[in-house]
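Chemist: Give me the fold of what follows.
(4 chains, ligands or ions: 6)
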Amino acid sequence: MEKPLFNEGKKSRVFTVDKVKIENEKTHSLIMKESMQSEPGQFILVWIPGMGEKPFSVAASDPLMITIADVGKISGQIDRYQPGDRLWIRGPFGQGYKPYGENALLVGGGYGASPLLFLAETLLKKDINVHVFLGARSSDLLILVDEFEKLPVTLHITTNDGTRGIQGFVTVPLEETIQNLADIQNACVYACGPKKMLFGIDALCERYGIPRQLSWEAIMRCGMGLCGNCKIEMPDTWKEPADKPGSKKAWLVCKDGPTSFTK
Amino acid sequence: MEKPLFNEGKKSRVFTVDKVKIENEKTHSLIMKESMQSEPGQFILVWIPGMGEKPFSVAASDPLMITIADVGKISGQIDRYQPGDRLWIRGPFGQGYKPYGENALLVGGGYGASPLLFLAETLLKKDINVHVFLGARSSDLLILVDEFEKLPVTLHITTNDGTRGIQGFVTVPLEETIQNLADIQNACVYACGPKKMLFGIDALCERYGIPRQLSWEAIMRCGMGLCGNCKIEMPDTWKEPADKPGSKKAWLVCKDGPTSFTK
Amino acid sequence: MPDFSCRLSDQIQLKTPIILASGVSGNSDSLLVRAAKSGAAAVTTKSCTLKYRPGTDNPASSDWGCGLITNLGMTNPGVDSMVYLINAYRQKAADSVVPVIANIYADNVEEFADLTAKIKLAQPDIVEFVLPDHDQGLIAEITAAVRANAGTIPISAKISATCVAIGKTARTAQDKGANFITAVNPIPGMLIDAFAAKPFLSLQSGWITGPSLKPIALKCISDIYKEVSIPIIGMGGVSSGLDMAEMMLAGASIVGIGSAIYYRGYEAFTKILEEFETFMNTEGYNNLAEICGKIWR
Amino acid sequence: MPDFSCRLSDQIQLKTPIILASGVSGNSDSLLVRAAKSGAAAVTTKSCTLKYRPGTDNPASSDWGCGLITNLGMTNPGVDSMVYLINAYRQKAADSVVPVIANIYADNVEEFADLTAKIKLAQPDIVEFVLPDHDQGLIAEITAAVRANAGTIPISAKISATCVAIGKTARTAQDKGANFITAVNPIPGMLIDAFAAKPFLSLQSGWITGPSLKPIALKCISDIYKEVSIPIIGMGGVSSGLDMAEMMLAGASIVGIGSAIYYRGYEAFTKILEEFETFMNTEGYNNLAEICGKIWR
Ligand SMILES: Cc1cc2nc3c(=O)[nH]c(=O)nc-3n(C[C@H](O)[C@H](O)[C@H](O)COP(=O)(O)OP(=O)(O)OC[C@H]3O[C@@H](n4cnc5c(N)ncnc54)[C@H](O)[C@@H]3O)c2cc1C
Ligand SMILES: Cc1cc2nc3c(=O)[nH]c(=O)nc-3n(C[C@H](O)[C@H](O)[C@H](O)COP(=O)(O)OP(=O)(O)OC[C@H]3O[C@@H](n4cnc5c(N)ncnc54)[C@H](O)[C@@H]3O)c2cc1C
Ligand SMILES: Cc1cc2nc3c(=O)[nH]c(=O)nc-3n(C[C@H](O)[C@H](O)[C@H](O)COP(=O)(O)O)c2cc1C
Ligand SMILES: Cc1cc2nc3c(=O)[nH]c(=O)nc-3n(C[C@H](O)[C@H](O)[C@H](O)COP(=O)(O)O)c2cc1C
Ligand code: FES
Ligand code: FES
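Modeler: Ligands and ions are numbered 1, 2, ... in the order given. Coordinates of the predicted model:
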């Protein structure tokens, strides 16, 4: 009769790369042999022993997938990984997206699109209509386009230089789509990307009074709500929940987020 | 999102006496308000803060009941308890009886009968025929007779002084019943009581080749298999299991037992 | 409802006996405000040193199953910025303001003296200083130095669970003028990942906090309670109302929480206090004096 | 299959690197035999003192969720009976006999000297002695006294996790003739039952062992490994093959288990070793030398 020891589930464990998929020049996806139960919008912490640890969004959970833009030390190292290589991962952490309403408008900037494929699949299973808005500086920085094309979603692509889709910002087709919605209260914008983009989208949504779920980024240290490093200040439009007094001016991306909810 | 802390289930917790039932001059049962999931033959540790802690058999699990003979410090204290009083209990510990075969012969000496009522109920639910053999020095030391009389079991009572039932040892009607069994391999003796009685019953069973499950007593300290205080030597008839080498000469009542199995 | 107000000294009156421990959110004025608004009856800043310390690479902490391990490398903005931070906290908290305990850390007596003089500019309600582990002479000198420079501000000596003869250390601190004892600071530990064949934390070892620290902390607080007559600010593994009760029964006058914010969020303050209140009510305690140190009476 | 044989010294060769720690079943010859038959590569007797010690009332131990707490009050039959017990163990174990480590405990140098001379009569394979926590002078004297009286028998200094400057202590012990270091002895702790408003153990406090001790032990073993060149007998919270691997990666040459017998029964020895073997195989280690202290290479 063995006794269960204790709650070890939050410790880092070994994952093995099964497949590598090139998304674009700077971005690729790693598909693991193992899966990790998680929701779209949650994140994981990837540890490269002897080098460091960084947060990444869950891009698929079964098997686990992450989509990584090669921009520095850890992401550059991961960029070299081949099938059979091991990474150490803990998680999932944080609050993911919550499916809501009948129409979903998914907006991703750059590698910010990484959790949106997983989200789209989850929403489709609930019979929610999905629009996807992918934006990037140029066509070669777009990710996951092929995958989205395989799904029954309406796909809108923008590039700043016009190398693919509409030239301009992702907010242009987004605004159009919002304007054409029959019932704004029954729709929701789900966005993921750099802070500036999120502030822009939040302002746009506020103008139309449409609910939105934004997934924030910050530099994390403890990932556990203790060090305060990932603290951000939420947009004015965000209403502080009664059970989280003081959180508007000191919102922890790792613990309160990464997803914020505005209705 | 709260996180489960850890496996605290083995710690002592508060139980409240709901009813007190007098079994005889020296023995009474406490029925608690709370229940504790357990098997007949398992034991619990009862702590009286500031006084000490002792093992007792589970006499019923839902709600939890214990049957206690007032013989000393702790049992004498418990003897005074009234409805509303609190005790601290941890458990269940150890290996209980395992229902086996078609005919069950339950033997209890003195307060050793305490786990047998719970066992009888469990066996009856599995459509096993139950014989119960209760022995004591004298009629006023018998316990649980009324309860057994309410059950569809064959009850055999012996007292050394003949004040109730047959005069003599409990082994006499036990041996008769064994002799009348159609299929000895399909029956099992379940006994609980002082070491001497158990050795006697074991020898009798060995003569007839009948399977038996004996529940041993010992003075316990850690109750966790660590201190070695409850170590006993098993009867010669007991066959050491291959996965427990060395256990025959050093059998831990708290961890290997309290129930031993011989087939 | 039991009376929860707690007079720690003539100057300091807390509305409840649960406060924020040092190090958790203690480098941010707006997070201190959040703790105050979430029910902390006092907030403690992160240990500050004379100069800014940048901190370490990740991983800097982990939940290892029985508790947490952390080593953030003493990140802090330095004492001058900490003074600024404390003022900003007071201003931003406005009506929600609660007393602030300023924690300072140094290696030697001179630096402690210096730090005390500097942090005093923020007029914290208490200056808390982290004592070394076992050199009784040094412990006495540091306490005396902080006492001398703190002026009328009460001071609390923070003692680690690894401290040798912890009761005696607390007694020395009391004798040299400490107004309170804060106990405990965590125990050193290390996680190793067998598959990586490496220590998990970037600084190799770290400090163990949370549930697994509790029985160790209870023993320390007991030992201290028997030796001193000043109030104890107890901490180490408190994450429920019952944990809080245990710590007060051992001798703590008020209780600090850190890791519980990981386990239960900022809501930890109100949740733990509610559970503690239920306990006080069902067990028939009328006030905090009745429960403090009761296991020794 | 990796090579598990372990040469601790010219005299001592173990068949595998997992042994029984002191205190668990160590007051009974037949339980030591059981441990040996269950796969312990060596067995350690319970700490013995000059005179018989009766031990305490119940409760003497508990599982508190993250680990165990125990205080049996140093129950032991006294050194003369322990000599008898060791001989009985050898006789009863017969073919299954494995080396026996005799653990001794005293308060002062003279008693340690005396105990060593007496326990020597049983010709244990190793004499293990429990060092005090922080007095470096006393640590040196005790080690020298045990060394002097043990003759040709190798000696191991057992060090507690609460030891101050643990690396330095181990170094002192090595310098004074210790052949091995056993680490760690557990940390003091206390359980309080809030409803009873009483400490749970009859002796109030006890020692914390099992899972929650592991990260603390790993840190201690790391600190010791960096300071000494003699083999370390590592223990503290090992209950799986991965735990065992972590402890050896930190620097232990062999590993002891105690609490794991509660968690996994006497089968713990073979189960943990099997898991460790799987780990060694899948990670490609050929022998114990490759894994010992690897995180520091
Ligand atoms: C909740 C959350 C989810 C995240 N999900 C993903 C994800 O799914 N995929 C992903 O690739 N990254 C994701 N990130 C970012 C990721 O954690 C790292 O910050 C990023 O990989 C850079 O780390 P590095 O060690 O490679 O770069 P570093 O060596 O730390 O930085 C190198 C340089 O790159 C710059 N830089 C850092 N991050 C970015 C960035 N995001 N964009 C552009 N420049 C940057 C730095 O300023 C620096 O100049 C996420 C972050 C958060 C907080
Ligand atoms: C597995 C297990 C299950 C048990 N189940 C029960 C149970 O269901 N009901 C129950 O009443 N007890 C049971 N016991 C016995 C119980 O644990 C105590 O030993 C008993 O209650 C005496 O404790 P005390 O503190 O009152 O007596 P103490 O003060 O320790 O002893 C007082 C005197 O009584 C004698 N004495 C101790 N135990 C007995 C005994 N069993 N019979 C006669 N004299 C004794 C002692 O030798 C001593 O002289 C069980 C024991 C074990 C190991
Ligand atoms: C992330 C973190 C950082 C800490 N930083 C400090 C610090 O800077 N100074 C200090 O004295 N204690 C520090 N501590 C210790 C806490 O103040 C407290 O003593 C300890 O965490 C025990 O309480 P807990 O179990 O409730 O977390 C820190 C603890 C944590 C978890
Ligand atoms: C019940 C028990 C009794 C112990 N008795 C002793 C002892 O007498 N002498 C000693 O040096 N260590 C003693 N110890 C400590 C162990 O030898 C070991 O150092 C400690 O338990 C850590 O290992 P573990 O986590 O595997 O139990 C005892 C431990 C337990 C659990
Ligand atoms: S990363 Fe430490 S609080 Fe979020
Ligand atoms: S009571 Fe300690 S081993 Fe059974």
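
Chemist: Indicate the residue of chain C located nearest to chain A.
Modeler: C:Arg34 (3.1 Å; CB to the nearest CB). Yep, even glycine has a C-beta here, placed from its N, CA and C like the rest.

Chemist: And ligand 3, is stretch C:144-154 touching that?
Modeler: No - Stretch C:144-154 stays clear of ligand 3 (CB under 6 Å from any ligand atom), getting no nearer than 13.9 Å.

Chemist: which parts of that stretch are buried?
Modeler: C:144-147, C:149-150, C:153-154 (16 or more other CB atoms under 10 Å in any protein chain shown).

Chemist: then stretch C:169-185 to CSV, C-alphas only?
Modeler: Taking Å, rounded to 0.1, in the frame of the first residue of the first chain, the C-alpha atoms of stretch C:169-185 are listed here in CSV:
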residue,chain,number,x,y,z
THR,C,169,19.2,35.2,20.0
ALA,C,170,15.8,36.7,20.5
ARG,C,171,16.6,37.5,24.1
THR,C,172,19.8,39.2,23.1
ALA,C,173,17.8,41.3,20.6
GLN,C,174,15.2,42.2,23.2
ASP,C,175,18.0,43.2,25.7
LYS,C,176,19.6,45.4,23.2
GLY,C,177,16.3,47.3,22.5
ALA,C,178,14.3,45.4,19.9
ASN,C,179,10.6,46.1,20.3
PHE,C,180,9.4,43.1,18.3
ILE,C,181,10.8,39.8,17.0
THR,C,182,9.9,38.8,13.4
ALA,C,183,10.3,35.0,13.0
VAL,C,184,11.1,33.2,10.8
ASN,C,185,13.1,33.9,7.8
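
Chemist: Report whether it contacts ligand 3.
Modeler: Yes - contact of stretch C:169-185 with ligand 3 (CB under 6 Å from any ligand atom) involves C:Asn185.

Chemist: for that stretch, which positions count as buried?
Modeler: Quick answer for stretch C:169-185 (16+ other CB under 10 Å): C:169-174, C:176-185.

Chemist: picking up where we left off before, just put the buried residues of stretch C:144-154 in CSV and tack on secondary structure and pLDDT.
Modeler: Listed next are the buried residues of stretch C:144-154 as CSV, based on DSSP: H, G, I helix; E, B strand; the rest coil; pLDDT from 0 to 100:
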residue, secondary structure, pLDDT
C:Ala144, helix, 98
C:Ala145, helix, 98
C:Val146, helix, 98
C:Arg147, helix, 98
C:Asn149, helix, 98
C:Ala150, helix, 97
C:Ile153, coil, 97
C:Pro154, coil, 97
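
Chemist: per-residue confidence at the residue nearest to the residue of chain C closest to chain A when sequence neighbours are not counted?
Modeler: Spatial nearest neighbour of C:Arg34, chain neighbours left out: A:Gly246 (3.1 Å); criterion: CB to CB, 6 or more residues apart in numbering or on different chains. Note on A:Gly246: pLDDT of 96.

Chemist: Make sure A:Gly246 is actually in contact with C:Lys37.
Modeler: Yes - under the criterion of CB atoms under 8 Å, A:Gly246 makes contact with C:Lys37 at 3.7 Å.

Chemist: what do those two both touch?
Modeler: Shared contacts of A:Gly246 and C:Lys37, defined by CB atoms under 8 Å, 6 or more residues apart in numbering or on different chains, are found at C:Ser96.

Chemist: For C:Thr116, which residues are in contact?
Modeler: C:104, C:127, C:129, C:145-146, C:149-150, C:155.

Chemist: Once you drop chain neighbours, what's closest to the residue of the stretch 101-250 of chain C found nearest ligand 6?
Modeler: Nearest residue of the stretch 101-250 of chain C to ligand 6 (CB to the nearest ligand atom) works out as C:Pro215 at 20.2 Å. Nearest non-adjacent residue to C:Pro215, counting by CB to CB, 6+ apart: D:Gly189, 3.4 Å away.

Chemist: re the thing from before, now do the same contact list for the residue of chain C closest to chain A.
Modeler: A:245-247, A:249-250, C:25, C:266.

Chemist: Same question for A:His131.
Modeler: Shown in contact with A:His131 (CB under 8 Å, 6+ apart): A:103-106, A:153-156, A:177.

Chemist: ok so it is a strand residue?
Modeler: Yes - counting by DSSP: H, G, I helix; E, B strand; the rest coil, A:His131 falls inside a strand.

Chemist: still on that earlier bit, the residue of chain C closest to chain A: which element?
Modeler: For C:Arg34, the host element (DSSP states H and E) is helix C:29-37.

Chemist: Do any residues in that helix lie close to ligand 3?
Modeler: No - Helix C:29-37 lies apart from ligand 3 when judged by CB under 6 Å from any ligand atom; the minimum separation is 12.1 Å.

Chemist: Using CSV, list the CA coordinates for that helix.
Modeler: C-alpha atoms of helix C:29-37 as CSV (Å, rounded to 0.1, in the frame of the first residue of the first chain):
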residue,chain,number,x,y,z
ASP,C,29,4.4,50.8,-4.2
SER,C,30,1.3,49.8,-6.2
LEU,C,31,1.5,46.2,-5.1
LEU,C,32,1.8,47.3,-1.5
VAL,C,33,-1.3,49.3,-2.0
ARG,C,34,-3.0,46.3,-3.4
ALA,C,35,-2.0,44.2,-0.4
ALA,C,36,-3.4,47.0,1.9
LYS,C,37,-6.6,47.1,0.0
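
Chemist: Kindly give the local confidence score, pLDDT, for A:Ser12.
Modeler: 94.

Chemist: name the element C:Phe84 belongs to?
Modeler: Actually, residue C:84 is Tyr. It isn't Phe. Going by DSSP H and E, C:Tyr84 is part of helix C:79-93.

Chemist: What's the mean pLDDT across the helix or strand just after that helix?
Modeler: Note on helix C:79-93: by DSSP H and E, the next helix or strand toward the C-terminus is strand C:100-104. Averaged across strand C:100-104, pLDDT comes to 98.

Chemist: ok, A:Gly200 - contacts?
Modeler: A:Gly200 neighbours (CB under 8 Å, 6+ apart): A:169, A:171.

Chemist: does it sit in a helix, a strand or a coil?
Modeler: A:Gly200 - assigned by three-state DSSP - is helix.

Chemist: Which other helices and strands does the helix or strand hosting A:Thr67 contact?
Modeler: Counting by DSSP H and E, the element that carries A:Thr67 is strand A:64-69. With contacts defined as 3 or more CB pairs under 8 Å, 6 or more residues apart in numbering or on different chains; DSSP states H and E, strand A:64-69 has these neighbours: strand A:27-32, strand A:43-48, strand A:52-57, helix A:73-79.

Chemist: which residues touch the second one?
Modeler: Meaning strand A:43-48. A:12, A:36, A:38, A:53-58, A:64, A:66, A:74, A:77-78, A:87-94, A:220, A:223, A:258, C:58-59, C:196, C:200.

Chemist: Tell me if it is near ligand 1.
Modeler: Yes - applying CB under 6 Å from any ligand atom, one finds strand A:43-48 in contact with ligand 1 at A:Phe43.

Chemist: and that strand, average pLDDT?
Modeler: Mean predicted lDDT for strand A:43-48 stands at 96.
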